[in-house]
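> sharing a model that was predicted from the sequence below.
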Amino acid sequence: MKHVFLASLIAGSIALPAYAADYTIMAPAAPGGGWDQTARSLQTAFQQEGISKNVQVMNVPGAGGTIGLAQFASQQKGKDNALIVGGYVMVGAILTNKSPVTLKDVTPIARLTGEDEAIVVPASSPIKSMADLVAALKKDPGKVSWGGGSAGGVDHIAAGLIAKASGVDPTKINYIAFSGGGEALAAILGSQVTVGISGYGEFESQVKSGTLRLLATSGEKRIPGVDAPTLKEAGVDVAVQNWRMVAAAPGLSAEQKAKVTADVQKLATSKTWQETLKTKGWQDTFLAGPAFEAQLAKDISATEGILKDIGLVK
Amino acid sequence: MSQEPLIKAEQRRPDWAALVIAAILIAIAGVIFFDAARLREVTGYSPVGPATVPHWIAIGLVLLAIWTIIAAFRGDFPEREKQEIKPVVWVIGGLAAQMLLLNTAGFSIATGILFAATAAGFGKRKIWFSLPIGIVLCLVVWLIFAGLLQLSLPAGPLERLFQ
Amino acid sequence: MSTFEFLMQGVVVAMQPMNLLYALIGVTLGTAVGVLPGIGPALTVALLLPVTYQLDPAGSLIMFAGIYYGGMYGGSTTSILLNTPGESASIVTALEGNKMARAGRGGPALATAAIGSFVAGLIATVGLAFIAPYIVKLALVFGPCEYFALMVLAFITVSSAFGDSTLRGLTSLFIGLALSLIGIDQLTGQTRLAFGVPDLLDGVEVTTLAVAMFAIGETLFIAAHGSFGPDKVEAVKGSIWMSANDWARSWKPWLRGTAIGFPIGAMPAGGAEIGTFLSYATEKRLTKHPEEFGNGAIEGVAGPEAANNASAAGTLVPLLTLGLPTTATAAIMLAGFQQYGLQPGPLLFATNPQLVWGLIASLLIANFMLLVLNLPLIGLWVRLLTIPKPWLYAGILVFATLGTIGANPSVFELGMLLAFGVMGYIMRVLGYPIAPVVVGLILGPLAEQQLRRALAISQGDFTVLFTSPIAAVLLAIAALALIVPLILRARGRGEVLSQMAANED
């Protein structure tokens, strides 16, 4: 028994430097995904920049982040040291899952990163350009199978927007949902599907090595150093970006919100965070305050519209 | 192992436990049918939609239920060993207590109770002895896994002393 | 021959004493966390990755490899000793491994698992180094139709390999399939059988079900035997080390497990579990001691453990050559690689040979350290079983729930753990096998999704399921696996009958 007490004393003394009032970041996804990586990068940056000494990451996976969101909103109410990572996928998931807890039930703080969607075909495909793809889509939408991430996610939404802008009925697109970009990429490389749609980062190395042909990217501007038009340049009037954000608990006072925003702002401009963005290949689309809130509201209503068009939301 | 041979006469009667299982299987199938009925068939291109596979599984369950009923009347089920209920209740009670106390009492106390209850289920009924051991053991576990290895385990009053 | 030189250079770097120490620390930490039931290698690596950031690139890469292998191996220890699989890929190990441990043969079971993992890891890592580009081409040929055929094969081999009653085996499997329906349908985003409960949207977690049915169900079952329960567990009977006979029976399963696990791991939607299922079924077919299966056959531990480790190395094939993370663990590794400036993808082997070969050398060293750490520990692990039953089972439940809480700290998850634990207990009492439930939960959604994807791509043409040559071959093997045992059994029954007739004379 003595040993147990001794061990607990030793363990206790090692654990002592940790104290309360440090951030807990919830990643509403399983380890490994984009939100988990964002949360863990935030953890590292918070600690290295000395903004917060001890940061814990908590994974609550499931349902496009809505399970984690619901848990976060109910358990962390009023606490100014709790953060949750989220993004555009969550906006879609809240709508398709009819989640009772929405982004209105937390305090969105800032948008952190953004990523353009990329539309690719295998190098051997007869489709050479966006115009070819639109023509094929108009001829027989069922023959054009789209490989991308989960149903109702940003990939699906982008495919629906492209169809709609090309004058094709969005309910007629043949979208094949894969679990995660990796499986979709394999299906595209193996020519199992006609066209692939996912975040540019998923395809980057394949595009550079020439195994995939990049038809277009979905941002307002071209990606620097990438030789492909934007959708708008290619004549498809669509601009959409996948983004990730960080939100705080509901029920914060104005001071508490200001404090969290200041911390996140400090983090976003820090050297550690900027380096993380570079190594991970994430675009810096930092936006906070009222501007972010307005953008968020706009994104939510636009997403609801297209999900209705695709037929995923009534 | 004590395998009390069942009496012959008992074997000829239908096996009630098996009939209950058949009823449960049919109930599960019913729930699946009920749930599948409200799904929208939004897939345009695959003839196998979101409700098709649930239907197949539910039909399979019904067939298995029928098979189970036949087996029950034929006495095809193996004889069962005698079960003591009291230890089972101890362990289940320990698990339930842990579940309910976890977020308020914290990891160590809640899991310590589970420890003591399980030990009690296996015959160590001296709670005044096993409970403190359980709590201290779980606290050490908490310190190692939550403190050093950053696993997120709920903290209660006891854990906060070490934070 | 430059490939070989690069590899040698990497090994020399990794062999430096300091780096060996890092490998040992990594393996120890990885094992410590990976041993918790419910916490698989993915979470282990995610938790411990920051520890490696403090070191120089070579050291951190090596420690990382150690954590990875440690996390992988940790699961099989609890599977064998406590019948509590730490992750889905070591569920099969529990079937025979725990039976061996009960019979006082825990030492040989742990040893064959450790050495089998080492052998498989060694072969697969070398395979990764030399044939990755070819394997990956093969893997990409697999589309939804081929995966569907593979799932059919897995279903058939697995269901014929579990349990002694077809009715009860099938019932267990269908309960698993029914559970697998719960959650969001991936292809249309609709929820099934969740009844508005948000915690059910993502379905039943495989590890929760496995930990509940195996660890908690088993604990309840043993408790219910009370004072008239089975004799005390004999921790050691005979040698703690593998006998000559054990070696003779293990080496072929190691190699076969490696051959099955590596290519399946390399397939983007293969999954480590499926390799272990197929390996178990293969060993059961080929063994000279069929009567031992279900009672602790060493082949049933050696094969699946080798398959598990080989398929883990296999997942590195698409990861390194395509930049394609096919499992959660691989996704975390990708994040780790980026930290070391390694950008996996088709150009990696050309642009960054030092790092790639450094990584492969690190994996080899870590694999070796795992053996160094674990073989001497076997004696200690086996002693766990000499702890009096009340404390042993109390401890098992503490660690089983600890894993679940650590992976997802929610009351609902613990509630599911309890409910499935009770279900596992009742099924045990009534003589239903447990493993098919877990198998159904894993394979059900995979098979359904691939079928529907295949049919959507073909716009409803069912013939695509049979016309692809690979799918046709896999389905043919599946058909054989179904029919041959029936014929053999019929013939066997005939022999028995004729023998009985002869005896009556």
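The structure has been received and is ready for your questions. Numbers count the residues shown, from 1 in each chain, chains lettered A, B, ... in the order given.

> only C-alpha atoms from now on, for both contacts and neighbour counts.
Noted.

> what about residue A:202, how many residues nearby?
When counting by other CA atoms under 10 Å in any protein chain shown, one arrives at 20 neighbours for residue A:202.

> can you tell me the helix or strand for it?
Using DSSP states H and E, residue A:202 maps to helix A:200-209.

> hmm, who's touching stretch C:454-468?
A:142-143, A:145, A:174, A:176, A:192-193, B:44-48, C:143-146, C:148-149, C:471-472, C:475 (CA atoms under 8 Å, 6 or more residues apart in numbering or on different chains).

> correction: stretch A:130-150
So stretch A:130-150 is contacted by A:127, A:155-156, A:159, A:163, A:166-168, A:172-181, A:184-185, A:187-188, A:193-198, A:215-216, A:231, A:234-235, B:45, C:186-187, C:189, C:457, C:459 (CA under 8 Å, 6+ apart).

> got it, and stretch C:255-263?
C:119-120, C:123-124, C:135, C:139, C:272, C:275-276, C:278-279, C:302-314.

> of these, which belong to helices?
C:119-120, C:123-124, C:135, C:139, C:272, C:275-276, C:278-279, C:302-314 (DSSP state H).

> out of these, who's near chain A?
Counting by CA under 8 Å from any CA of the partner chain, the subset of the ones in helices among the contacts of stretch C:255-263 that neighbours chain A is empty.

> filter the residues you listed down to the buried ones.
Listed as buried from the ones in helices among the contacts of stretch C:255-263 are C:119-120, C:123-124, C:135, C:139, C:272, C:275-276, C:278-279, C:302-314; burial here means 16 or more other CA atoms under 10 Å in any protein chain shown.

> let me know the pLDDT of residue B:101.
We note a pLDDT of 90 for residue B:101 in this prediction.

> show me where chain B has helices.
Counting by DSSP H, the helices of chain B are B:8-12, B:16-37, B:52-74, B:85-105, B:107-121, B:127-142, B:157-160.

> so which of the ones you listed is nearest chain C?
helix B:107-121 (4.5 Å; CA to the nearest CA).

> tell me the angle of the closest one relative to helix B:127-142?
140 degrees (axes from the mean of the first three to the mean of the last three CA atoms, to 10 degrees).

> now helix B:107-121: buried residues?
Buried, per 16+ other CA under 10 Å, within helix B:107-121: B:107-121.

> and stretch C:353-366, by the same measure?
C:355-366.

> quick one: which of these sit in helices?
Reading helices off the buried residues of stretch C:353-366 with DSSP H, I get C:355-366.

> surely residue C:31 touches residue C:73?
Yes. Under the criterion of CA atoms under 8 Å, residue C:31 makes contact with residue C:73 at 6.7 Å.

> walk me through the domains of the chain.
By default, I'm working from chain A. With domains defined by automatic domain parsing, chain A comprises A:18-114+A:243-310, A:120-217.

> that was the other one, I meant chain B.
B:8-74, B:85-160.

> those into TSV, with extra columns for distance to chain C?
Rendered in TSV, the data for these read as follows (distance: least, CA to the nearest CA, whole Å):
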stretch	distance to chain C
domain B:8-74	4
domain B:85-160	4
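
> how about the helices in the stretch 251-400 of chain C?
C:272-286, C:299-322, C:328-339, C:348-351, C:353-383, C:389-407 (DSSP state H, counting those that start in this stretch).

> contact partners of the first one?
Read that as helix C:272-286. By CA under 8 Å, 6+ apart, helix C:272-286 touches C:88-90, C:92, C:154, C:157-158, C:161, C:253, C:256-257, C:260-261, C:264-265, C:290, C:293, C:299-300, C:303-305, C:307-308, C:311-312.
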